[in-house]
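In: Coordinates for the following, if possible.
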Amino acid sequence: MFIRQMTYLVALAKEEHFGRAAEACNVTQPTLSSGLKALERELDMRLVHRGPRFIGLTPEGERVVAWAGQILSDYESLKRDVEGFRGCLKGTLQIGVIPAATPAVAQLTGPFAEKHPQVAIAVHSMTSVEIQRALDKFELDAGITYLENEPLLNVRKAALYRERYLYVTQRSSRWANEARISWREAVASQLCLLNESMQNRRVLNNLAGSIGLELAPMVTTNSFLSVCSHVCSGKWSSIIPHTFAYIFAGCEELAMLDLVDPVHVQTIGMVVTDRDPLPPLARAFMTSATRQNLELNLASASLVSV
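Out: Now for the predicted structure:
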């Protein structure tokens, strides 16, 4: 009963609406309200500001929600861990992936799915900040993100591969027949890049600034799909992670050049919440991922594509 009551509180904090919280918990609104009042009696503190509508949680309520999220996560992990003794691992693996790493994620989920066929996999495209927040709230089992540029807090890390950068442009471009291009030359062209809410763009900004350059793209977006669309239109070029060469494979209208002077790399890796014991799904995914030679696999794919 105590677990159920904490589920009600976490749902209310997320939905900020009594009716929607009750619906998310598959109970009636009176049942949810009764459960919350019982939790308040159990803890001897007011958790919810009450009114005709949801007003908010009390400071005590906010604190309890943080603990409740961890307790519920541990409870689910306990059940999965014990169930593992009876047979296959089950549940849904929740992964947050920064957009720059999306071309690589299937290289990790494929082997994991083969090893654990009864586990569903949910992949969420998220910024590094969103991944940190979701890990802190126990909404993700793992994240795939940059490890060095803006490191996440209170996580365990495992390096997966090193990201380098390519200049992508139309075959009609003056640079299309070259094998490489300098950063200075690339920055001077008409660029479409991610906006500064994305860590990939902040990485590029820092790199350009380190050699006395400033990125001034004509078009910015928060989506690599939009970047691809603009490049394919023939009016813009872009700077992309080398893993996107795998996505662009077979697109004869595009040319991809190595960016040099300097050649720069950033480490992409997996992060999970720093807890002991590690939740079963997070532990299984990290074990599977670290057994893959992702650096070699992606380098081979990029070499063939370029």
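
In: What sits closest to Val105 if chain neighbours are left out?
Out: Residue nearest to Val105 in three dimensions, not counting chain neighbours: Val97, with 5.1 Å by C-beta to C-beta, 6 or more residues apart in numbering. The C-beta positions use only the backbone N, C-alpha and C, and glycine is treated the same way.

In: Looking at that neighbour now. What's its pLDDT?
Out: pLDDT for Val97: 97.

In: List the buried residues of the longest helix along the chain.
Out: Determined from DSSP state H, the single longest helix within the chain is helix 59-84. Buried residues in helix 59-84, counted by 16 or more other C-beta atoms under 10 Å: 61, 64-65, 68-69, 71-73, 76-77, 80-81.

In: Just the closest of those to Thr7, please.
Out: The nearest member of the buried residues of helix 59-84 to Thr7, counting by C-beta to C-beta, is Leu72 at 6.4 Å.

In: can you map out the strands along the stretch 151-300 of the chain?
Out: For the stretch 151-300 of the chain, the strands defined by DSSP state E, counting those that start in this stretch cover 155-163, 165-170, 180-182, 192-194, 219-221, 238-241, 254-260, 266-273.

In: Extract the C-alpha trace of the longest one and format it as PDB.
Out: Extracted C-alpha coordinates of strand 155-163, given in PDB (Å, rounded to 0.1, in the frame of the first residue of the first chain):
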ATOM      1  CA  VAL A 155      26.900   8.900 -12.900                       C
ATOM      2  CA  ARG A 156      29.000   5.900 -13.800                       C
ATOM      3  CA  LYS A 157      30.600   6.300 -17.200                       C
ATOM      4  CA  ALA A 158      31.800   3.900 -20.000                       C
ATOM      5  CA  ALA A 159      33.500   5.300 -23.100                       C
ATOM      6  CA  LEU A 160      32.100   3.900 -26.300                       C
ATOM      7  CA  TYR A 161      33.700   5.800 -29.200                       C
ATOM      8  CA  ARG A 162      35.400   9.000 -30.300                       C
ATOM      9  CA  GLU A 163      33.400  11.400 -32.400                       C
END
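
In: Now that strand: average pLDDT?
Out: The pLDDT scores in strand 155-163 average 95.

In: in its sheet, what does it sit against?
Out: If you go by DSSP bridges, strand 155-163 pairs up with strand 266-273 (antiparallel).
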